[in-house]
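Asks: Show me the folded form of this:
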Amino acid sequence: MRPQFLPAVAIVACILSSASAEAETSEATLVTASGVHKLEIELADTPQTRETGLMNRRDMPSHHGMLFEFGETRPVTMWMKNTLISLDMLFLDEKGVVTHLKERAKPESLDLIPSGGPVRYVLELNGGAADRYGVKIGDRLHHASIGQKP
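Replies: Residues are numbered from 1 along each chain as shown. Predicted coordinates for the structure are as follows:
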């Protein structure tokens, strides 16, 4: 009976892996002193997508990211549980302005990463991307979901 169970697990793992690889993206622009940077963004705007985030992914294309939308402006705390890649986290207010940065968060760490104050969004990018784009406090992300909520 056990041999029959293992292939089912492998099939489910392949389906989950394919689903994350084919997630819908939308365009965003990150505006910094070094220029305007185009990004492909996955939106995490439901409890399930926010809980899962970028967990269990072995890589992410260099110009991609995930935008967490919380539905209200409030302090948030992130972590890297089951996240296999280093990430930069840009904490954003309701207008998409960067209010706090966490660079190169350690994969699979259970350390809590606070927003440093109230935020509406968190943009996760590959570790090192914030430095590459020259991100500083006060820079801004433009995306269709930002500024359209009450």
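Asks: how many other residues sit next to the nearest residue to H142 once chain neighbours are set aside?
Replies: Distance criterion Cβ to Cβ, 6 or more residues apart in numbering; nearest residue to H142, sequence neighbours excluded, is T29 at 4.7 Å. All C-beta spots, glycine's among them, are computed from the backbone N, C-alpha and C. T29 has 15 neighbouring residues, counting by other Cβ atoms under 10 Å.
Asks: where's T29 relative to P61, distance?
Replies: As for T29, its distance to P61 is 16 Å (criterion: Cβ to Cβ, to the nearest Å).
Asks: K95 contacts G147, correct?
Replies: Yes: at 6.1 Å, K95 counts as touching G147 under the criterion of Cβ atoms under 8 Å.
Asks: What about D88, how many residues nearby?
Replies: 22.
Asks: how about the strands in this protein?
Replies: 26-32, 35-44, 64-78, 87-92, 98-105, 113-126, 140-142 (DSSP state E).
Asks: which residues are contacting the third one?
Replies: Residues from elsewhere that reach strand 64-78, judged by Cβ atoms under 8 Å, 6 or more residues apart in numbering: 25, 28, 39-45, 50, 53-54, 89, 91, 93-94, 102, 105, 112-115, 117-126, 129, 141, 143, 145, 149.
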